[in-house]
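S.K.: Structure of the sequence below:
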Amino acid sequence: MAVELKFSGSVSQTDPIDQACLIIGQLEHLKEADFSELQNKLQPRVVEETFQAAVNLLRPPGVPGTGCSVCSVWLNKVVVAALPRCVSRHNSDARPHAITKAVVSGLRGRGDEVILVVCQEKEAFASACAIARAYPLFNEKSVAGDTGEGKDTTSAKSRTVTVEFLLAGSDKGKKLMAGAEAAMAAAADGIRLAARIVDAPCNMMHTDAFLELVRAAAKRLHIKPVIVQGESLEKKGFGGIYGVGKAAVHQPALAVLSHTPEGATKSIAWVGKGIVYDTGGLCIKDRLHMVGMKRDCGGAAAILGAFEAAVSLGFNENLHAVFCLAENAVGPVATRPDDIHTLYSGKTVEINNTDAEGRLVLGDGVAYARKDLKADVVVDMATLTGAQGISTGRFHAAVLTNNEEWEHSCAIAGRRSGDLVFPLPYSPELHFGEFNSAVADMKNSVADRSNAQSSCAGLFIHAHLGFDYPGVWVHLDIAAPCHAGERATGYGVAVLMTLFGQSSKNPLLQFLGPECEIAVDDSDSDAKPPPSKKRKARKDE
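M.R.: Numbers count the residues shown, from 1 in each chain. The predicted structure follows:
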C-alpha cells in the first residue's frame, strides 16, 4: 500500500480511533505544550491528566544515548515519544536519526496516520526530512507484511500520513513561515525518489531506466534534457564514462538537465555519480563486497531528487544537474588494468584498478561542467570510497573542497537539514602524488591506501576540473550515509536544498541556507580563487 505524505503547519482535529497519532519532540517541548493545542489530536479518547502522566513517564537518554523514550497513551493509537536530551555540536539539533527510528517503531503502519512534531522552527525542515526517510517507496514483496506494505506500493491503493507541526521553545505560539509546507513536501518527494532509485536492483534500475526518470523529471519541469549515450560518448571525448560502462548491455550515458531562469547571474552544476551496479570490473569484487553495489548510484539519485525539488520551488540562478551513468560490468570489451583512457578534460589516465571507476565518470562530469556549462560552482556527489565510512562514519558524509568558507557552510547546511557533513583534509600538494604514472598523466588508484584515501579520491576528480579552476568546487562522498542497513536513506537531497537555500525563492530554504559567496568566473582563466569574505555567523553556527 503506497504512502502519501502531507505536511501542515497547523494541528487539525482527528480522532485517534480513526487515525493513529504519534506525538514526538524534546521532553521540555512536550512538557511546555498546552493541552489546548494538543486536544484536537487526543480527545475524546485522552484527557489532559492521562497525557501529562504519560509525558512524565518518559525518560529520554542523555549522553551518549541516541534512542527515544516512548510511551503508549491509548491502545497504541496515541503514542508519545521524547527525543534524546543531548545533542553534540556535530549533530543536528533536530535529532533526525532518532526521529526516523521513532516513526518506524512508534506507528503500526495501517490506515491513515498523523505525526505531530513539537519543535522549534529551525528544526522543522530536518524533522520533516527525517520522517520522509521512514517511508521508502520501493517494495517488491508479493505479500504485505505486518506494516501492510507489499508489492502494491505502485498501485492506486494508498494511505495518507499527515505530518503536522506545533512550534515550541522560543517559537511557541507562532505558525510555520509561508512556504514551509511546500519545501517539506518537495524535499520528501526528492528523498523518497532518491531512496527508491538506490533501493531498486540493477535489473530494474539500469542506465536506460535511470534515463527514463531523468526524462520524466525534465517533462514535469518543462526542460529539454541533453543525453549522450553509447559510442557517442567516445566520439565526444567522454573516455571516463564510456570506458567504465562500455561492457554492459545497457550503455553508459551522460545526461544533463538545465534550469536557466531570466536574470540569473551565476551558474551552479551538481554532478552525480550514477554507477547503477559496480561489479568492480575485471578487478572484480568478491561475493561479500559486491552485494549492495546497486547503491553506487546514490549521488546521481540524490541530485535528481534535489534538482526537481529546487527547481519546482523556484531557483534564482542557473542550475545544472549532470548525471554520469554507467554499469561497471565484466565482458569481452571491458576496460583492463593497464589500459589508458583520455577523459573529457584532455588528461590521460592509466587504469591500475577497474574498481576505482566512480572517479573516472565524475572526472568527465566535472570537466563538462567547467568547459560546456561554464559553472561558477561545481558540486559532485558520490558513493565514492569505502574509506569514507572509516573517515567520517556512518552518519556524516565527507566534504572536500577548495574553499574554506564553503567547507564551513556545508557543515552548517548538514546540521540544519539533518544530512550531516564533516570535512576531509584538502592538501593536493601532499596527496595527489599518490596517482603518479610513468606513462600517463595519472593513475586512477592510489599507491598507498593508508594515505588519506578519501581525500585522494576526491582530488582525482578535482584534477579533471583543474586545480587552476577559479570557482568553487565541493566534493561530497556519501558512501556510508546513503543507506542504513538494507534500506536507502535518500541522503543528499536535503543538504543540497539547504546549502543553496539562499538561491531559492522559498522562504524556509532562504532562512536555513548559509550565506555562501559565489565568485562569478567570466574568463575561466588560470587565476587563483579570490580570498573568502568573512561572513556574519548565525546563532547555530
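
S.K.: Contacts for stretch 9-21, please.
M.R.: Contacts to stretch 9-21, defined as Cβ atoms under 8 Å, 6 or more residues apart in numbering, come from residues 37-38, 40-42, 44-46, 74-79, 107-108, 111-116, 162, 164-166, 175-176, 180-181. No exception for glycine: its C-beta is placed from N, CA and C like everyone else's.

S.K.: Would you mind measuring the gap between the ends of that stretch?
M.R.: Its first and final residues considered, stretch 9-21 spans 16 Å by Cα to Cα, to the nearest Å.

S.K.: again with stretch 50-66
M.R.: By Cα to Cα, the extent of stretch 50-66 from end to end equals 27 Å.

S.K.: returning to what we had before: in strands only, show me the contacts of stretch 9-21.
M.R.: Trp74, Val78, Val79, Glu113, Val114, Ile115, Leu116, Thr162, Glu164, Phe165, Leu166 (DSSP state E).

S.K.: What is the most widely separated pair among these?
M.R.: For the ones in strands among the contacts of stretch 9-21, the maximum inter-member distance is 21.9 Å, found between Trp74 and Phe165 (Cβ to Cβ).

S.K.: out of those two, which sits in the busier spot?
M.R.: Phe165 (27 against 17; other Cβ atoms under 10 Å).

S.K.: wait, doesn't that one sit right on Ile115?
M.R.: No. Counting by Cβ atoms under 8 Å, Ile115 is not a contact partner of Phe165; they are 9.5 Å apart.

S.K.: Report the contact partners of the spatially closest residue to Glu4 that is not a sequence neighbour.
M.R.: Distances taken as Cβ to Cβ, 6 or more residues apart in numbering place Thr160 nearest to Glu4, at 4.9 Å, with adjacent residues excluded. By Cβ under 8 Å, 6+ apart, the residues touching Thr160 are Val3, Glu4, Leu5, Lys6, Asp112, Glu113.

S.K.: and if you look at His483?
M.R.: So His483 contacts Val198, Gly292, Arg295, Gly298, Thr489 (Cβ under 8 Å, 6+ apart).

S.K.: Kindly report the same for Arg215.
M.R.: By Cβ under 8 Å, 6+ apart, Arg215 lies in contact with Pro225.

S.K.: Could you point out the longest helix of this structure?
M.R.: Secondary structure assigned by DSSP state H gives helix 180-199 as the longest helix of the chain.

S.K.: pLDDT averaged over that one - what is it?
M.R.: Averaging pLDDT along helix 180-199 gives 98.

S.K.: for that helix, which positions count as buried?
M.R.: 180-199 (16 or more other Cβ atoms under 10 Å).

S.K.: for stretch 93-105, same thing?
M.R.: Asp93, Ala94, Arg95, Pro96, His97, Ala98, Ile99, Thr100, Lys101, Ala102, Val103.

S.K.: helix/strand/coil for the second one?
M.R.: Pointing back at Ala94 there. Using DSSP: H, G, I helix; E, B strand; the rest coil, the structure places Ala94 in coil.

S.K.: What separation do you get for it and Gly280?
M.R.: Separation of Ala94 from Gly280 (Cβ to Cβ, to the nearest Å): 38 Å.

S.K.: picking that back up, can you put the buried residues of stretch 93-105 in JSON lines and add distance to Ser142 and pLDDT?
M.R.: Formatted as JSON lines, the buried residues of stretch 93-105 follow (distance: Cβ to Cβ, whole Å; pLDDT from 0 to 100):
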{"residue": "Asp93", "distance to Ser142": "42", "pLDDT": "96"}
{"residue": "Ala94", "distance to Ser142": "37", "pLDDT": "97"}
{"residue": "Arg95", "distance to Ser142": "36", "pLDDT": "97"}
{"residue": "Pro96", "distance to Ser142": "32", "pLDDT": "97"}
{"residue": "His97", "distance to Ser142": "31", "pLDDT": "96"}
{"residue": "Ala98", "distance to Ser142": "33", "pLDDT": "96"}
{"residue": "Ile99", "distance to Ser142": "31", "pLDDT": "97"}
{"residue": "Thr100", "distance to Ser142": "26", "pLDDT": "96"}
{"residue": "Lys101", "distance to Ser142": "27", "pLDDT": "94"}
{"residue": "Ala102", "distance to Ser142": "29", "pLDDT": "94"}
{"residue": "Val103", "distance to Ser142": "25", "pLDDT": "95"}
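
S.K.: you'd agree Leu362 is in a helix?
M.R.: Yes. Counting by three-state DSSP, Leu362 is located in a helix.

S.K.: ok, it - contacts?
M.R.: Here Leu362 is in contact with Gly240, Val271, Lys273, Cys324, Asp380, Ala382, Leu384, Ile461, His464 (Cβ under 8 Å, 6+ apart).

S.K.: Let's see that with 10 Å instead.
M.R.: Leu362 sits next to 240-241, 271-275, 299-300, 322, 324, 343, 380-382, 384, 457-458, 460-462, 464-465, 475 when contact means Cβ atoms under 10 Å, 6 or more residues apart in numbering.

S.K.: mind listing which of those residues are in strands?
M.R.: Among these, the members falling in strands (DSSP E) are Val271, Gly272, Lys273, Gly274, Ile275, Val322, Cys324, Asp380, Met381, Ala382, His475.

S.K.: surely the first one meets Asp364?
M.R.: Yes. Under the criterion of Cβ atoms under 10 Å, Val271 lies in contact with Asp364, with a separation of 9.2 Å.

S.K.: Then Ile284 would be within a strand, right?
M.R.: No. Assessed with three-state DSSP, Ile284 is coil; it does not lie in a strand.

S.K.: show me the residues around it that make contact.
M.R.: Neighbouring residues of Ile284 by Cβ under 10 Å, 6+ apart: Met290, Asn328, Val330, Ala334, Thr354, Asp355.

S.K.: For these, could you give me TSV that also reports neighbour count?
M.R.: Compiled in TSV, those are given as follows (neighbours: other Cβ atoms under 10 Å):
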residue	neighbour count
Met290	13
Asn328	30
Val330	14
Ala334	20
Thr354	26
Asp355	18
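
S.K.: Any chance of a markdown table for these, columns pLDDT?
M.R.: Shown next, in a markdown table, are these (pLDDT from 0 to 100):
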| residue | pLDDT |
| --- | --- |
| Met290 | 97 |
| Asn328 | 98 |
| Val330 | 98 |
| Ala334 | 98 |
| Thr354 | 98 |
| Asp355 | 98 |
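
S.K.: Pick the one among these closest to Leu30.
M.R.: When those are compared for distance to Leu30 (Cβ to Cβ), Met290 comes out closest, at 45.7 Å.

S.K.: That closest one and Ile284: what is the separation?
M.R.: Met290 is 8 Å from Ile284, by Cβ to Cβ.

S.K.: average pLDDT for the next helix or strand after the longest helix of the chain?
M.R.: On the C-terminal side of helix 180-199, the closest following helix or strand by DSSP states H and E is helix 207-221. For helix 207-221, mean pLDDT is 98.

S.K.: what's downstream of helix 207-221, the next helix or strand?
M.R.: Counting by DSSP H and E, the next helix or strand C-terminal to helix 207-221 is strand 226-229.

S.K.: Please enumerate residues in contact with that next one?
M.R.: Under the contact criterion Cβ under 10 Å, 6+ apart, strand 226-229 has outside partners 207-208, 211, 214-215, 218, 235-236, 238, 241-242, 245, 250-258, 320, 322-323, 325, 368, 372.

S.K.: Could you point out the helix or strand that follows that strand?
M.R.: Remark: after strand 226-229, the chain's next helix or strand is helix 231-236, criterion DSSP H and E.

S.K.: For the contacts of Thr160, give me a markdown table that also has distance to Phe307.
M.R.: Converted to a markdown table, those look like this (distance: Cβ to Cβ, whole Å):
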| residue | distance to Phe307 |
| --- | --- |
| Val3 | 23 |
| Glu4 | 22 |
| Leu5 | 20 |
| Lys6 | 23 |
| Asp112 | 31 |
| Glu113 | 30 |
